[in-house]
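J.: Need coordinates for the following:
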Amino acid sequence: LLTLNPGVKEVGIFDTFKQVCETGIPDQSERHYVHEQFDGWFYQSTVKLGDGVATTTTDMTTMKQGELEIRRLKDEIAQQATDKYQMLFNSIDQGFCIIEVLFDEQDQPTDYRFTETNQAFLRQTGLQNALGKRCGS
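T.: All right, here's what the predicted structure looks like:
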């Protein structure tokens, strides 16, 4: 095994085989394997068999690539929505801010902090660098 596929030692597959063989506890793992002639994602199930192990390996590269593409698209769409929000937020003429209400130990509101402000808000209030500041400061 180590002669034909030396990468199994580097990525921990060989250690998994040893552990399953020694403990008898089956293992199921998902790995990205880029060694020898392989470059893909694999799901591997390993069980003890006699004084060795038996393993089944499923190539899940296509499924994993689809999953990664969905994540990438989700992140891209979220970024586009954020960019649109920021553009609108910064271009409106109305002063706008978002605040975080701060509470004391008795859960009573005691102050608030500016978490977002637009330029119109700063112009209209005369506040400078309000972001992150408390109203009481």
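
J.: For the closest residue to Glu10 other than its chain neighbours, list the residues it contacts.
T.: Nearest residue to Glu10 in three dimensions, chain neighbours excluded: His35, at 6.9 Å (C-beta to C-beta, 6 or more residues apart in numbering). Backbone N, C-alpha and C define where each C-beta goes, glycine included. His35 makes contact with Asn5, Pro6, Gly7, Val8, Glu10, Val11, according to C-beta atoms under 8 Å, 6 or more residues apart in numbering.

J.: which one of those has the most neighbours?
T.: Counting neighbours by other C-beta atoms under 10 Å, Val8 leads the contacts of His35 with 19 neighbours.

J.: Not including adjacent chain positions, what is the nearest residue to it?
T.: Val8 sits nearest to Phe14 (C-beta to C-beta, 6+ apart), 4.8 Å away.

J.: next one: Asn90
T.: Among residues not flanking Asn90 along the chain, Asn118 sits closest, at 5.5 Å (C-beta to C-beta, 6+ apart).

J.: Strands of the protein, residue ranges please.
T.: Assigned by DSSP state E, the strands in the chain fall at 27-33, 40-49, 52-59, 97-103, 109-117.

J.: how about the residue nearest to Glu10, phi and psi?
T.: Main-chain torsions, His35, degrees, to the nearest 10: phi -150, psi 160.

J.: With Leu88 as the reference, name the closest of the strands of the chain.
T.: Leu88 lies closest, by C-beta to C-beta, to one member of those: strand 109-117, at 12.4 Å.

J.: thinking again about what came up before, and the residue nearest to Glu10, what's its pLDDT?
T.: For His35, the pLDDT comes out at 87.

J.: Okay, it and Thr58: tell me how far apart.
T.: Computed as C-beta to C-beta, to the nearest Å, the His35 to Thr58 distance reads 17 Å.
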